[in-house]
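Participant: Coordinates for the following, if possible.
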Amino acid sequence: MNLISSKMRGPWTLFRKELLRFWRVSFQTVAAPVMTALLYLLVFSHVLEGRVQVHGVNYTSFLIPGLIMMSVLQNAFANSSSSLIQSKVMGNLVFVLLTPISYLEFFLAFLAAAIARGLVVGLGIYLVVIVFIDLPIIHPLLVLAFTILGSALLGAFGIIAGMWADKFDQMAAFQNFIIMPLSFLSGVFYSIHSLPPFWQEVSHLNPFFYIIDGFRYGFFGVSDMSPVVSLSIVALSFFAISWLALHMLKSGYKLRG
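Facilitator: Numbering: from 1, shown residues only. Got it, this is the predicted structure:
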């Protein structure tokens with residue numbers, strides 16, 4: 001038991017450090033995303049409620065899972081990517097690399113912290129929303145599975161981005177030109193069946209679409225794609241991105257000077 005504890009002390013300490021890093025500024029890292037999601041909900045539901053139904057679900061209810069998952073994904077990515085780029089710019093990453101933590105343990109600690117932040121933000125939005133809107137969850141295990149897998153996928157992607165970027169403006173470009181477009185074009189605000197055929201096919205190339213569509217199925221039991229197909233694609237995407245992140249970590253890409 002002591003041997004296991006000593007082996008886990010390093011990654012556990014790193015994980016705890018990452019948790020404290022975002023929790024100490026929770027007004028920015030948790031409260032702000034919740035407020036942003038509520039503003040989106042207020043504007044779009046006010047304009048379109050009563051005019052649009054998707055899969056027989058009123059528009060406000062349809063919108064909420066998409067907003068929750070969009071916030072989860074963006075914050076999971078932000079947690080791992082911002083931590084790495086900050087450590088690189090400030091020059092304190094070397095102190096983590098000098099510790100006897102393997103690249104796999106380093107990856108798992110950052111990934112777990114990204115998942116934790118995604119879960120906290122998603123739960124925060126849900127708890128605020130259900131005060132005003134009845135939003136039952138039909139398949140809670142599917143909701144949890146897509147939340148964890150989605151957060152893990154974006155957490156791993158954030159590790160790649162954090163290693164690749166050398167400056168904050170490079171990270172901002174990554175968020176503005178990759179993460180934000182993929183989020184907004186994933187079916188958060190609409191069903192892809194409302195799009196022309198060409199753009200429906202393009203949407204099928206976006207892994208964010210499968211995360212949000214499967215997550216939404218957990219609430220309403222209806223979706224554009226089979227939840228099994230969506231879960232499989234998200235899982236395969238996670239393993240592919242994780243393999244790349246682990247390969248980069250093992251090689252020390254842009255981490256060792």
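Participant: biggest helix in this protein by residues?
Facilitator: For the chain, the longest helix by residue count, based on DSSP state H, is helix 59-90.
Participant: Run the chain-centre distance for it.
Facilitator: Averaging C-alpha positions (C-alpha atoms, centre = their mean, to the nearest Å) puts helix 59-90 5 Å from its chain's average.
Participant: With stretch 216-226 instead?
Facilitator: Here the centre of stretch 216-226 is set off from its chain's centre by 19 Å, with C-alpha atoms, centre = their mean.
Participant: Tell me where the stretch 51-200 of the chain is predicted with low confidence.
Facilitator: Within the stretch 51-200 of the chain, the ranges that satisfy pLDDT under 70 run 51-55.
Participant: Now the longest helix of the chain: buried residues?
Facilitator: For helix 59-90, the neighbour count (16 or more other C-beta atoms under 10 Å) marks 59-85, 87-88 as buried. (C-beta placed from N, C-alpha, C; glycine too.)
Participant: which residues sit against stretch 171-191?
Facilitator: Residues outside stretch 171-191 that contact it (C-beta atoms under 8 Å, 6 or more residues apart in numbering): 44, 54-55, 63, 66-67, 69-70, 73-74, 77-78, 81-82, 85, 154, 161-162, 164-165, 202-203, 206-209, 211-213, 224.
Participant: ok now do the residue nearest the centre of the chain, which residues does it touch?
Facilitator: The chain has L73 as the residue nearest its centroid, 2.0 Å off, counting by C-alpha atoms, centre = their mean. Counting by C-beta under 8 Å, 6+ apart, L73 touches G118, G150, S151, L153, L154, I179, S183, F208, I211.
Participant: Do a quick rundown of the strands in the chain.
Facilitator: Ranges of strands in the chain, per DSSP state E, are 53-54, 57-58.
Participant: can you count the residues close to P100?
Facilitator: 6 (other C-beta atoms under 10 Å).
Participant: show me where this structure has helices.
Facilitator: Per DSSP H, the chain carries helices over the ranges 2-23, 26, 32-48, 59-90, 93-97, 103-129, 140-164, 168-174, 180-184, 197-203, 207-220, 227-251.
Participant: Give me the helices and strands touching the last one, please.
Facilitator: Contacts defined by 3 or more C-beta pairs under 8 Å, 6 or more residues apart in numbering; DSSP states H and E place helix 227-251 against helix 103-129, helix 140-164, helix 207-220.
Participant: how about it: buried residues?
Facilitator: 227, 230-231, 233-234, 237-238, 241-242, 245-246, 248-249.
Participant: CSV please, covering the residues you listed and showing pLDDT and distance to F106.
Facilitator: Formatted as CSV, the buried residues of helix 227-251 follow (pLDDT from 0 to 100; distance: C-beta to C-beta, whole Å):
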residue, pLDDT, distance to F106
P227, 94, 33
S230, 96, 30
L231, 96, 27
I233, 96, 27
V234, 97, 23
S237, 96, 21
F238, 97, 18
I241, 97, 16
S242, 97, 13
A245, 96, 10
L246, 96, 9
M248, 94, 11
L249, 93, 6
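Participant: Put the alpha carbons of stretch 9-21 into PDB.
Facilitator: Taking Å, rounded to 0.1, in the frame of the first residue of the first chain, the C-alpha atoms of stretch 9-21 are listed here in PDB:
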ATOM      1  CA  ARG A   9       2.500  10.900  -5.000                       C
ATOM      2  CA  GLY A  10       4.100  12.700  -8.000                       C
ATOM      3  CA  PRO A  11       1.200  12.600 -10.400                       C
ATOM      4  CA  TRP A  12      -1.300  13.200  -7.500                       C
ATOM      5  CA  THR A  13       0.700  16.300  -6.500                       C
ATOM      6  CA  LEU A  14       0.700  17.600 -10.100                       C
ATOM      7  CA  PHE A  15      -3.000  16.900 -10.500                       C
ATOM      8  CA  ARG A  16      -3.700  18.800  -7.200                       C
ATOM      9  CA  LYS A  17      -1.600  21.700  -8.300                       C
ATOM     10  CA  GLU A  18      -3.600  21.900 -11.600                       C
ATOM     11  CA  LEU A  19      -6.900  21.800  -9.700                       C
ATOM     12  CA  LEU A  20      -5.800  24.500  -7.300                       C
ATOM     13  CA  ARG A  21      -4.600  26.600 -10.200                       C
END
